[in-house]
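1. Quick one, what's the 3D model for this:
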Amino acid sequence: MLSMHERRKAEGRPPMNSSSYSEHDYAFGQMILTLRTHIGLTQAGLAELLGVSRRAEAEWEAGSSYPKAEHLKQLIALGVQQQAFPTGREAEEIHTLWHAAHQKLLFDESWLAALLDRPHPALTRLPPVPLEEPQPCEVPAAQPTPGQRVDWGEALAVSSFYDRQRDVASLTQWVVQERCRVVSVLGMGGIGKSALATRVMHQLAPHFEVVLWRSLRDAPACEVLLEDCLQVLAPQPLREVPASLERRLGLLLEYLREERVLLVLDNLEVLLEEGEGTGRMRAGYEDYARLLRQVAQTKHQSCLLLTSREKPRDLVALEGSRTPVRSLRLDGLDARGSEQLLLEKDLAGDALDRARLIERYGGNPLALKIVAQTIVELFNGEIAPFLEEGEVIFGGVRELLAEQFDRLSATEQTVLLWLAILREPVSIDELLSVLGAPLPRMQVLEAVEALRRRSLLERGKLRGSFTLKSVVLEYATTRFIAEVVSEIERGRLSRLIEHGLEQAEAREDVRQTHQRLIVAPILARLRNLYSQRSEVEEHLLGLLDQLRELADYAQGYGPANVLALLREQRGHLRGLDLSQLAIRGASLQGGEMQDTMLSGATLLETVWTSAFDATRAVAISSNGTYWAAGDRRGGSACLA
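-> Here you go, the predicted model:
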C-alpha cells in the first residue's frame, strides 16, 4: 500500500507535513466555501461547472491551493449571476477575493465593469442543493415563486454533507408531504443537527414562499426574536410592531396561515434549563414555551424546524407518528458517512485503522473532524501512530463533551460517572444496587432516559442493558479522575463518597481494569501534587479521620476508596486504624492487614480471598472480641 506521501507525489501534489498544514490559507478557503454556499452548489457541482476536479475545488476550500485566474473569473461570474455577493458591494468583494487568491495577473477592471453592467436574472432564492442519490421519499423541486423572500441569517455554510440521505428523506416527508407544523432535530453536540437543518432548508426552499433561519445561540428574548421575524414575514416593512407578546404571537400565526413559511430556529437548548434534564425553559424565557405550543397547536400551512440537544417538554405531549409534531434523533454517522469524512481529510490508514478511529468517536462528525486535523498536523495524516498513542479525549473533543456534561443534572452526572466506572452494560437494577446514596427507582429511570435522549448511551447486547458510548466513556473516566483528585486535594469529599473506585464483587479482569484505569491514575496525580511520598500517605490517612466523624450511612464508598489508594501507595494495609469506619465494597484479597485496628468498624460487601483472611486483621476493642461473617463474594464483618 502506498503511503500518504507516495500517493500525493503520484498525484502531482506537494507532500503534506505538520509545517505545510499550518500554512494553509484558511481565510481564503472560507471565502471560497462561503461563495459556493451562497451560489447553492455542492463541491462536485461547482467543480463540474468550472471544469476542474472535485479534489482541486476541495483544496481551494481547505486553503491548500489557489485557483488559476481563468477558473477564478468563472467563479466570480457565476457568483455575480446568482447574486452571491452583497448588494452594492460586489466590486469591493470581488477585488478582495482576487487579492486573497494571490493571482499573478493584474485584475481586469474592464472585464469587471462589463460583468457588473451585464443584465442577469434577479434571483431571490438559493437553488436547492440536489441530493447525491435520489431517495424514494424525495419530493421533486417545486417551481420558484416569483415573490419568494429568503433570509438565511446565520445559517451554516455546509461545505460537505455526509450520507444523511435517509434523515433528509424523513424530514422531507414530514415537512412537505405530511405538512407537519413543528419538526425537531435532536442529538448530542457535534452530531450534525445544524448541518442537516441547513441541508434540508436549502433542499426544500422552493416549496415555501418565505424561508427564515435564526440562531438562538445568543439567547434573544422571545419578544426580540418575534419582532425580527415579523419584519421579514410582513409583505411590507412594519412601521410599528405590536407591543404585547400576545399580539406579536397572534400576528406571527396570521402570517404562518397566509403564506407557506419555513422558520428554522437553531440551538434551542440554549434556552433550556441546565442541570435539570426536564426540557423546561430557563427563567426569563418562558415565553418561548408559549411560542412552541401555539405554533404546534394552531392550524396553519407553515413549518417550524428546530434543532436542539434536548427535547423541549412543551412538545412532548404533542408529538406522535400521526400528529403534525415530530422529532428526529440523530446518531453518529454510519460507516459510509464516516469513511467519506475521513477521505476528505486525506488521512492514510487501512480499513481496520479507519474502523477503529470511527468507533472510538462514535461517528460524531465534529469529533472526527477535530481528531482528523490533529492526525494531519502531528502524525502526517497517518492514523495508525495516532491510535498507538491511546489518547482519545483532547482539545476540541474535550470542550465538546464538557459542554454536554455541564448541562446534566446532578443525578444524571452521578449515573453517567457510575456507568464510566462499571464500564460494562448494566440494567437498571444493577445500577441501583451500586449507587452510593439510595435513589428512587423512577428518578434513576428518568436520568437514564435523559442520557439516552442526549445520545450519550447505547444499548447493550442483553435486553434492558445500556452503557456509555465509547468516546463518552473515555471522557467521563478522565473527568471522574480529575474531580476525585481535586476533592482529595481540597479535603472536601463528594465523588469519593458517592462512587466506588473499584468494584470488589466484579470479575477479576474488571477489577484489574478499575485498578489500572482509575485507582493508579488518581494516585499518580496525587504523587505529582505532593513532593514527598510520605505526604501522600499522610493526606490519605487524614481523609480516614475526616470520614470517621460522619455517620455510617454518610461515609458511602469513601473509606473503601481511601483503602484502595493506600494499598496502591504502600503495597499493604498493615498497621492502619480503621476503627469506627463503615467500609463498603472494599477489595481485601491477599492484602496484608497485620496489626490493623478494626474496633467498631463495619464491613459491607467486602471481598476476602477466603473466610480466614479476615483474621489477618487484629481488632482491638474493649473486650478483645472479633466477629466476622460472609464469604469471598459479598462478605461482611462487624467489629466491636
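2. Which parts of the stretch 251-400 of the chain are strands?
-> Secondary structure of the stretch 251-400 of the chain, counting by DSSP state E, counting those that start in this stretch: strands at 261-266, 303-308, 325-329.
3. Export the ones you listed as TSV, with columns for mean pLDDT and mean neighbour count.
-> Bear in mind the C-beta positions are built from the backbone N, C-alpha and C, glycine included. Below are these laid out as TSV (pLDDT from 0 to 100; neighbours: other Cβ atoms under 10 Å):
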stretch	mean pLDDT	mean neighbour count
strand 261-266	92	23
strand 303-308	93	24
strand 325-329	91	19
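4. Using JSON lines, please lay out these together with distance to Val415.
-> Compiled in JSON lines, those are given as follows (distance: least, Cβ to Cβ, whole Å):
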{"stretch": "strand 261-266", "distance to Val415": "29"}
{"stretch": "strand 303-308", "distance to Val415": "21"}
{"stretch": "strand 325-329", "distance to Val415": "19"}
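5. Regarding this protein, what is its longest helix?
-> As assigned by DSSP state H, the longest helix anywhere in the chain is helix 470-490.
6. Send me that helix as PDB with only the CA atoms.
-> Backbone C-alpha positions of helix 470-490 (Å, rounded to 0.1, in the frame of the first residue of the first chain) are rendered in PDB as follows:
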ATOM      1  CA  SER A 470     -17.000   4.900  23.600                       C
ATOM      2  CA  VAL A 471     -15.900   8.500  23.400                       C
ATOM      3  CA  VAL A 472     -18.300   9.400  26.300                       C
ATOM      4  CA  LEU A 473     -16.900   6.600  28.400                       C
ATOM      5  CA  GLU A 474     -13.300   7.900  28.000                       C
ATOM      6  CA  TYR A 475     -14.300  11.500  28.700                       C
ATOM      7  CA  ALA A 476     -16.300  10.500  31.800                       C
ATOM      8  CA  THR A 477     -13.500   8.400  33.200                       C
ATOM      9  CA  THR A 478     -11.000  11.200  32.700                       C
ATOM     10  CA  ARG A 479     -13.400  13.800  34.300                       C
ATOM     11  CA  PHE A 480     -14.100  11.500  37.200                       C
ATOM     12  CA  ILE A 481     -10.400  11.100  37.900                       C
ATOM     13  CA  ALA A 482      -9.800  14.900  37.800                       C
ATOM     14  CA  GLU A 483     -12.700  15.600  40.100                       C
ATOM     15  CA  VAL A 484     -11.600  13.000  42.700                       C
ATOM     16  CA  VAL A 485      -8.100  14.300  42.700                       C
ATOM     17  CA  SER A 486      -9.400  17.900  43.200                       C
ATOM     18  CA  GLU A 487     -11.600  16.800  46.000                       C
ATOM     19  CA  ILE A 488      -8.800  14.900  47.800                       C
ATOM     20  CA  GLU A 489      -6.500  17.900  47.500                       C
ATOM     21  CA  ARG A 490      -9.200  20.200  49.000                       C
END
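7. And that helix, what does it pack against?
-> helix 351-360, helix 395-406, helix 410-422, helix 495-498, helix 520-529, helix 533-548 (3 or more Cβ pairs under 8 Å, 6 or more residues apart in numbering; DSSP states H and E).
8. and those, which one is worst for confidence?
-> With a mean of 74, helix 395-406 has the lowest mean pLDDT of those.
9. Next, the angle helix 470-490 makes with that helix.
-> Helix 395-406 runs at 80 degrees relative to helix 470-490, counting by axes from the mean of the first three to the mean of the last three Cα atoms, to 10 degrees.
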